[in-house]
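Enquirer: Generate a structure from the sequence data that follows.
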Amino acid sequence: MTDSSSIPDVAAEKAPASVAGTRKSSAKPARSRSREFALQALYQHIVGRNEAADIDAFTRDLSGFHKADSAHYDALLYGCTQQAQALDALIAPKLDRSFAEISPVEHAIMWIGVYEMQHCLDVPWRVVLNECIELAKAFGGTDGHKYVNGVLNGLAPELRATEVQADRQSGRVK
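Expert: Numbers count the residues shown, from 1 in each chain. Alright, predicted model coming up:
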């Protein structure tokens, strides 16, 4: 995993831009930061089988955590770990391989995406999708973002049917 200071900018949520299309790391939205910390925590849960409370205590001590949206981080960490089986049940039909063959990073990112689509209705589905793609680009394998995109884009019409349909009708997405 990489240090969070080396993670590329995430353009989905608004923050002041220093140059058109770019953003300083310090200007990254708190929710984007919370997703990064949640990803690192969920990775520890998947790989190390560590308990969420232990991971949480460790993660809160990491540099930069104070800039994250801690309530969103809590929702992602505890929500994903508590609902892991249900999240996997939604994800599995969209996979072309077993979970054992999926990178733990991409697995955790898909958990975040599905959880947010189900429970964070204040975040538009396209923002969820974009944020997860950016996480996969920053932390995942070479083409992991394409896989994450395919799975989450396939689930969006099921999890956010009304919103996806409205975007399709307006011509914002195909």
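Enquirer: And the contacts of stretch 43-57?
Expert: 1, 41, 58, 74, 77-78, 80-82, 104-105, 107-108 (C-beta atoms under 8 Å, 6 or more residues apart in numbering). Using the backbone N, CA and C atoms, a C-beta is placed for each residue, glycine as well.
Enquirer: so which of those residues comes closest to residue 167?
Expert: residue 80 (25.3 Å; C-beta to C-beta).
Enquirer: Thought residue 112 was touching that closest one, still the case?
Expert: Yes - under the criterion of C-beta atoms under 8 Å, residue 80 makes contact with residue 112 at 6.6 Å.
Enquirer: between these two, what contacts are shared?
Expert: Joint contacts of residue 80 and residue 112 (C-beta under 8 Å, 6+ apart) are 38, 42.
Enquirer: any chance you could map the helices in the chain?
Expert: 30-48, 52-60, 70-82, 84-91, 104-119, 125-139, 144-159, 161-170 (DSSP state H).
Enquirer: Any regions of this protein where pLDDT drops low?
Expert: Within the chain, the stretches with pLDDT under 70 are 1-26.
Enquirer: returning to that earlier point: out of the helices of the chain, indicate the one that is most buried.
Expert: By mean neighbour count, with neighbours taken as mean count of other C-beta atoms under 10 Å, helix 104-119 ranks first of the helices of the chain at a mean of 24.
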